[in-house]
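**Student:** have a look at this fold, sequence not included:
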Ligand SMILES: Nc1nc2c(ncn2[C@@H]2O[C@H](COP(=O)(O)OP(=O)(O)O)[C@@H](O)[C@H]2O)c(=O)[nH]1
Ligand SMILES: [Mg+2]
C-alpha cells in the first residue's frame, strides 16, 4: 500500500508489537468494510479511490484493478493489503444504497440483516465440534455516507445509524464534500456531531489511551494523531477515479472544476487520508478487536439468551462503554481466572495439609500400636519366663 507522506508514527500493521501482531494473524488476517448510504453518494467511487491508493486486488497480480461497477445489489469485493511481510485480506461490502423508494420504511433492513447474518454464521461455525471457521465476513467498519446538504441529518439517516451502531463500528462520512465550501463544511460537521450526540448514536472513535502493548516512545505521537482523527469526524470525503496534473508535475486523484482542482489526498481539501489511515493503519486492529469483543459478543449473548426476534425490544442493545485495553468483560474474566487459580492452589494446599496430618496421625497410631505390641510382647515374654521357672 502507499504510505502516507506525512510523518506518521510507525503504527501500521507490520509495526505492531508482537503480541498484537499475533492477534491480527490469529484472527485470520481478514478485515471487512461495509459501504452504506443513499444511492448516488459516491460509495462505489470511494472504494475505487481507496483501492487505487491502498489496495492491490487479490487476483490482479499487480495489474491495476478493474473499477468496480455500479452496484445493483450487495457486492463483495476481495483485495489484499500488503505491508512489509504482512498481508491482510480485505473484504469490501458495497451496497446499492437506499432512499430511492417512495416508502423508505425499514430501508436499513438489508444492511442490518447482513451484519447480523455474518455474526450468526460465525457463531454457528464456532459451535461446530472442530470450531473450524472457514467463512468470516463479520463487518469491522461501516462507512455511512451522508448527503452533503449542509443542513442536517434526515430521520432515515438517524434511524439507520442507530441500528448500525448497536451492531458494528459506525463511521459516518460526509459524501462528495467538494460540493460544499470550507465554511459550509465546518458548520455541517458541527451540526452532524450535535445530532449524533443528541440522538445518542454511538460512533467509532479512535481510543486516546493506547494500552500497554504499544511502544512507549510512540505514545505521544499516536495520541496526537488519534486526537486529530476525532476532531475531524465526521470525515469529509471525496472520491474520484480520474487523475489530474496538480500543477507541480504529478498526477493526482481529484475532481476538476472551472475554479480549480480538488485533490483527494490533500488534507486541506478533504479528510480522505485521515479516513484511510484510521481504516487501514492506525485503528485497523481496534476495529477488529471491538468487533470481536463488543459487537460479536453482544450478538452472541443476545442469541444465547433467546432474543431471536429482530423486533424484540432487547435487540439491538447499546454496546457497553468500551475501552479496548481495559475491556471490563476481559478484566472480569481475568479476575475470575485469577480467583480460580488461587482457589485451586488453596484447595490443593489444604489437601496436602490434610494428607500430611493424616500421615502424622497414622504414624502416631502406628507408634501407639507398636508400643501396645511391644508391651504385649513384653508381657508374653514375662509369662514365658514365669512358665519356664514353674517348669523347673
Ligand atoms: N462531486 C463529487 N461527485 C462524486 C464523488 N464521488 C462520486 N461522485 C459522482 O457521483 C455519482 C455517483 O457515484 P457512485 O459511486 O456510483 O455512487 P453510489 O451509488 O453511492 O455507489 C458518479 O457520477 C460519481 O462520479 C465526489 O466525491 N464528489
Ligand atoms: Mg454504488
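**Tutor:** In hand now; what should we look at? Quantities reported herein were computed from a predicted structural model and do not represent experimental measurements. Ligands and ions are numbered 1, 2, ... in the order given.
**Student:** poorly predicted segments of the stretch 151-300 of the chain, please.
**Tutor:** Within the stretch 151-300 of the chain, the ranges that satisfy pLDDT under 70 run 209-218.
**Student:** tell me the phi and psi of the residue of it found nearest ligand 2?
**Tutor:** Among the residues of the stretch 151-300 of the chain, residue 239 lies closest to ligand 2, at 10.6 Å counting by C-beta to the ion. In this view, the C-beta of every residue, glycine as well, is placed from N, C-alpha and C. Main-chain dihedrals, residue 239, degrees, to the nearest 10: phi -120, psi 150.
**Student:** swap in residue 266?
**Tutor:** Dihedral angles for residue 266 - degrees, to the nearest 10 - are phi -110, psi 120.
**Student:** can you check the one 3 residues further on too?
**Tutor:** The phi and psi values for residue 269, taken as degrees, to the nearest 10, are phi -100, psi -40.
**Student:** and for it, the neighbour number?
**Tutor:** Applying other C-beta atoms under 10 Å, we find 20 residues neighbouring residue 269.
**Student:** mind checking how far it is from residue 235?
**Tutor:** According to C-beta to C-beta, to the nearest Å, residue 269 and residue 235 sit 12 Å apart.
**Student:** about what we covered before: contacts only, for the residue of the stretch 151-300 of the chain closest to ligand 2.
**Tutor:** Residues near residue 239 by C-beta atoms under 8 Å, 6 or more residues apart in numbering: 42, 45, 46, 48, 49, 176, 264.
**Student:** can you give me the strands in this protein?
**Tutor:** For the chain, the strands defined by DSSP state E cover 30-37, 56-57, 75-83, 86-94, 141-146, 170-174, 235-236, 243-245, 251-257, 260-263.
**Student:** do you know which of those strands lies nearest residue 285?
**Tutor:** strand 30-37 (9.5 Å; C-beta to C-beta).
**Student:** any idea of the angle the closest one forms with strand 170-174?
**Tutor:** Taking axes from the mean of the first three to the mean of the last three C-alpha atoms, to 10 degrees, one finds that strand 30-37 is oriented at 50 degrees with respect to strand 170-174.
**Student:** list the neighbouring strands of strand 30-37 plus their orientation.
**Tutor:** Sheet pairing of strand 30-37 (DSSP bridges) gives strand 86-94 (parallel), strand 141-146 (parallel).
**Student:** mean pLDDT added to those, as TSV?
**Tutor:** Listed next are the strands paired with strand 30-37 as TSV, based on pLDDT from 0 to 100:
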stretch	mean pLDDT
strand 86-94	82
strand 141-146	97
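**Student:** neighbours around residue 200, how many?
**Tutor:** By the criterion of other C-beta under 10 Å, residue 200 has 9 neighbours.
**Student:** how near is it to residue 252?
**Tutor:** The value you get for residue 200 to residue 252, if C-beta to C-beta is used, is 39 Å.
**Student:** and for residue 49?
**Tutor:** 11 Å.
**Student:** shared neighbours of the two, anything?
**Tutor:** Listed as contacting both residue 49 and residue 252 by C-beta under 8 Å, 6+ apart are residue 264.
**Student:** higher neighbour count, the two?
**Tutor:** The residue with more neighbours, out of residue 49 and residue 252 and counting by other C-beta under 10 Å, is residue 49; that gives 22 against 17.
**Student:** am I right that that one is in contact with residue 264?
**Tutor:** Yes - between residue 49 and residue 264 a contact is recorded at 5.9 Å, counting by C-beta atoms under 8 Å.
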